[in-house]
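J.: Compute the structure for the input listed below.
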Amino acid sequence: MKYDVQYENYELIIREPKKQYKIDLRERLLEFAVKSISFIGTIPNKKEFDVFRYQYSKSSTSIGANYEEAQSSSIKEFVQRVRISLREANESHYWLKIMDKLNLGNEEQRTHLLSESDEIALILGSIASKLDRKVKQNNRVI
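T.: Numbering: from 1, shown residues only. Below is the predicted model of the structure:
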């Protein structure tokens, strides 16, 4: 799905085909991190699953942390932080896919987080692409 991302009065406007709604992306990323930590608690406490808990907890919480840090950055730093958030979202999605294949943790939570991580990556990708285009139009080098 393709998202059109715009900022208006410090709010993120997400447009999908035939839909338009406002979201607070910072709040959505915080919620994703909290739900991810809750999900991690449903993964069996076996040594062989430690890597999933550790790596997923790092990547899923890093998405919002980097985006939050981007808020008080220069445009150059903002773009870099958004790209880092995107990489972390992709990594989180990867770990979720592995856990899904292994049927680890609460299925309902895992399914929701898989969908949410995919949407977050699409949104962050749209933001990064839009900023890249805007910078190129202004003939500025980042």
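
J.: quick one: buried residues of the longest helix anywhere in the chain?
T.: Counting by DSSP state H, the longest helix found in the chain is helix 107-137. Going by neighbour count (16 or more other C-beta atoms under 10 Å), the buried part of helix 107-137 is 109-110, 113-114, 116-128, 130-131. No exception for glycine: its C-beta is placed from N, CA and C like everyone else's.

J.: what residue ranges in this structure score low on pLDDT?
T.: Low-confidence segments of the chain (pLDDT under 70): 1-23, 135, 139-142.

J.: Do a quick rundown of the strands in it.
T.: In the chain, the strands defined using DSSP state E lie at 4-8, 11-16, 19-23.

J.: how far away is K136 from Q80?
T.: Plainly put, K136 is 16 Å away from Q80 if you go by C-beta to C-beta, to the nearest Å.

J.: typo on my end, E107
T.: 36 Å.

J.: And for S72?
T.: Per C-beta to C-beta, S72 is found 13 Å from Q80.

J.: Looking only at neighbour counts, state which of these two leads.
T.: Q80 (16 against 8; other C-beta atoms under 10 Å).
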